[in-house]
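Q: need coordinates for the below:
(one chain, ligands or ions: 1)
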Amino acid sequence: MTEKIQTLLAGRWRDASGPAYITHYPHDGSEVAELHAANAADVDEAVQAAHQAWQQPAWARLLPHERAGILHRIAQGIRGRSEELAQLQRLDNGKPIKECRALVASAAGTFQFFAAAAETWEDAVTPARGDFLTLSVHQPLGVVGAITPWNSPIASEAQKMAPALAAGCAIVIKPAEITPRMAIELARIAEQAGVPAGIVSVLPGKGSVVGEALVRHPLIKRIAFTGGTSVGMGIQRIAAEKLMPTSLELGGKSPTIVCADADLDHAVAGVLFGIFSSSGESCIAGSRAFVHQSVYASFKEKLLAAVRGLRVADPALESTHMGPLVSRSHRDGVERYVQMGRDEGGQVLCGGSRPQGGYFDQGSYYLPTVIEGLPNTAQMCREEIFGPVLALLPWSDEADLIAQCNDNDYGLASGIWTRDYKSAWRIGRALHTGTVWVNTYKLFSISTPFGGVKLSGTGREKGRQGILEYTSQKSFYWGMNESPLPWAQP
Ligand code: NAD
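A: Next up is the predicted model:
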């Protein structure tokens with residue numbers, strides 16, 4: 001039965017003021033939730049309420065350990081409802097339940113980490129160059145906006161909400177239209193943890209309406225955005241008019257390199273996980289595998305055997321490797337890319353179609369697909385597909401390999417499989433990507449900054465420094481001189 005849900009808007013649980021809409025379970029297309037989209041007036045109301053709330057003593061005067069206490073309670077609140085949240089996340093975007101549990105656990109860890117950052121952050125007494133004391137302190141920016149995509153909602157939202165709250169900001173979150181549940185539940189948990197009314201609002205709805213109004217609002221002092229590159233560029237343009245800082249976590253077309261000396265079993269497992277986990281709906285999906293010519297044939301054989309062993313099935317099952325894609329329209333887009341690869345001369349080695357029969361016919365499933373025979377310059381190898389499609393490319397010369405890896409608009413992540421630590425260092429330093437994984441892939445830690453270069457974005461999330469993104473730095477000069485300033489003295 002379709003559940004009716006409300007959102008936390010300007011300190012009140014209510015329907016937003018825009019039209020009602022329904023979200024669907026990607027597994028079988030069934031209706032999940034009915035809610036109202038927000039409109040521009042809601043954006044203004046939420047931002048004005050946040051602007052009032054962040055300056056009130058109940059939030060502004062909290063001491064670092066008190067704010068940290070609230071973040072710890074949010075982490076506990078997430079852990080206390082972890083199974084329920086994981087199931088809601090699965091219904092929203094169709095990810096396998098095991099992955100949803102991992103996302104929920106990571107969101108709790110994010111709040112715990114930024115609680116520690118809030119409590120232990122030290123401002124600086126800088127070296128005085130005269131008879132005065134100089135201090136550099138960090139203050140909250142004010143009201144910030146967060147705009148998130150549908151692929152890993154609870155993790156993306158926690159990575160923005162936790163540092164914003166840790167810094168003492170208020171936050172208005174605009175989740176993806178089709179996956180609003182996690183942001184709404186995080187707001188509920190924050191409220192129960194003692195975050196004052198108005199500090200967190202969630203505005204579901206369309207990006208072109210709600211997202212853009214949020215970015216344009218004069219009281220929004222920062223936007224943390226995760227999503228596609230073209231939308232990110234539009235946000236950056238609007239932000240430029242306000243000189244507003246942004247962090248933009250955008251798309252990727254990440255290369256994974258298999259060297260001649262790699263442990264092939266490890267490399268196969270890593271490449272498989274890198275592209276097919278989350279059905280490839282991952283900004284860091286390793287979608288281009290460059291395999292050394294000397295091991296290409298044996299790597300391909302092992303990889304194809306492994307791909308054929310993947311269980312594409314109902315995301316509620318513990319044994320599922322790959323669930324459905326997020327929607328039928330997104331699945332159709334992936335399908336078009338595979339057709340484009342065929343048209344460009346690529347050979348589909350496995351997959352390349354939808355699975356048939358039963359719930360597969362209702363849901364938005366697509367088989368894990370491996371294509372070879374395409375040059376790195378083919379459109380399918382250049383553009384982000386955001387689905388379970390891997391291009392296999394042979395290489396032989398290291399300089400040419402690096403040039404090919406870097407010959408792409410994106411620069412989010414890369415992987416290297418080798419037993420030689422010197423090659424890993426040399427190649428890793430030469431790759432134009434924000435993250436390099438060596439003999440592993442898609443590992444994440446909240447303590448390590450994450451972000452891209454080139455069209456994969458600007459700014460970093462995570463890491464202890466992440467809290468600073470939500471602050472402005474203020475300098476104090478504190479005179480210690482016993483006599484007046486000498487300039488006008490006779
Ligand atoms: P998207 O850019 O279409 O949407 C992302 C968010 O932006 C949604 O909430 C959407 O409603 C909103 N939006 C859309 N138009 C807007 C506008 N004009 N103004 C303001 N907001 C607007 O992306 P998506 O399809 O939801 O997600 C997939 C994309 O996200 C992929 O490109 C993927 O690589 C990227 N992504 C990046 C990372 C990262 O950390 N680098 C992580 C996950 C996803």
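Q: can you tell me what sits against stretch 415-426?
A: For stretch 415-426, contacts defined as C-beta atoms under 8 Å, 6 or more residues apart in numbering pick out 254-259, 261-263, 266-267, 270-271, 274, 286, 398, 427-428, 436-441. Backbone N, C-alpha and C define where each C-beta goes, glycine included.
Q: now do the buried residues in it.
A: Neighbour counts using 16 or more other C-beta atoms under 10 Å place 415-418, 423-424 of stretch 415-426 among the buried residues.
Q: so which of the residues you listed reach the ligand?
A: Taking C-beta under 6 Å from any ligand atom as the test, the ligand is in contact with none of these.
Q: next SSE downstream of the host helix or strand of Ala58?
A: Element membership for Ala58 (DSSP states H and E) is helix 57-60. Next in sequence after helix 57-60, counting helices and strands by DSSP H and E, comes helix 64-80.
Q: quick check: next helix or strand after that following helix?
A: That would be, after helix 64-80 and using DSSP H and E, helix 82-93.
Q: report the angle between that next one and helix 64-80.
A: 70 degrees (axes from the mean of the first three to the mean of the last three C-alpha atoms, to 10 degrees).
Q: average pLDDT for helix 82-93?
A: Mean per-residue pLDDT for helix 82-93: 97.
Q: only alpha carbons, please: show that helix as PDB.
A: Taking Å, rounded to 0.1, in the frame of the first residue of the first chain, the C-alpha atoms of helix 82-93 are listed here in PDB:
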ATOM      1  CA  SER A  82      19.400   0.800  10.900                       C
ATOM      2  CA  GLU A  83      17.500  -2.200   9.500                       C
ATOM      3  CA  GLU A  84      14.300  -0.100   9.000                       C
ATOM      4  CA  LEU A  85      16.400   2.700   7.200                       C
ATOM      5  CA  ALA A  86      18.200   0.100   5.100                       C
ATOM      6  CA  GLN A  87      14.800  -1.400   4.000                       C
ATOM      7  CA  LEU A  88      13.400   2.100   3.200                       C
ATOM      8  CA  GLN A  89      16.600   2.900   1.200                       C
ATOM      9  CA  ARG A  90      16.100  -0.300  -0.800                       C
ATOM     10  CA  LEU A  91      12.500   0.600  -1.600                       C
ATOM     11  CA  ASP A  92      13.500   4.100  -2.700                       C
ATOM     12  CA  ASN A  93      16.300   3.200  -5.200                       C
END
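Q: by contact count, what packs against that helix?
A: helix 97-120, helix 153-167, helix 181-192 (3 or more C-beta pairs under 8 Å, 6 or more residues apart in numbering; DSSP states H and E).
Q: tell me which residues in that helix are buried?
A: For helix 82-93, the buried set under the neighbour-count rule, 16+ other C-beta under 10 Å, comprises 82, 85-86, 88-93.
Q: next one: it, is it in contact with the ligand?
A: No. Against the ligand, helix 82-93 shows no contacts by C-beta under 6 Å from any ligand atom, the least distance being 10.0 Å.
Q: counting neighbours, what do you get for the residue in the stretch 1-150 of the chain that the ligand sits nearest to?
A: Residue nearest to the ligand within the stretch 1-150 of the chain: Pro149 (3.1 Å; C-beta to the nearest ligand atom). Residues near Pro149, counting by other C-beta atoms under 10 Å, number 25.
Q: pretty sure it sits against Thr226.
A: Yes. In this structure, Pro149 is within contact of Thr226 by C-beta atoms under 8 Å, at 5.5 Å.
Q: picking that back up, avg pLDDT for the helix holding Ala58?
A: Mean pLDDT, helix 57-60: 98.
Q: how about stretch 230-240?
A: Here the average pLDDT along stretch 230-240 is 98.
Q: can you pull the contacts of Arg216?
A: Arg216 makes contacts with Ile238, as judged by C-beta under 8 Å, 6+ apart.
Q: tell me how far it lies from Leu203.
A: According to C-beta to C-beta, to the nearest Å, Arg216 stands 14 Å off from Leu203.
Q: same check on Ala167?
A: Ala167 sits 21 Å away from Leu203 when distances are taken as C-beta to C-beta.
Q: kindly report the same for Val258.
A: When Val258 is compared with Leu203 (using C-beta to C-beta), they lie 44 Å apart.
Q: cool, Pro218 as well?
A: For Pro218, the distance to Leu203 (C-beta to C-beta) stands at 17 Å.
Q: higher neighbour count, these two?
A: Ranked by neighbour count (other C-beta under 10 Å), Pro218 and Leu203 place Leu203 first, with 31 against 10.
Q: so what's that one closest to, chain neighbours aside?
A: Nearest residue to Leu203 in three dimensions, chain neighbours excluded: Ala38, at 3.9 Å (C-beta to C-beta, 6 or more residues apart in numbering).
Q: now do the contacts for that neighbour.
A: 7, 9, 16-18, 46, 174, 203-205, 209-210.
Q: filter those residues down to the buried ones and hand me the ChimeraX line.
A: Buried residues among the contacts of Ala38 (16+ other C-beta under 10 Å), as a ChimeraX selection:
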select :7,9,16,18,46,174,203,204,205,209,210
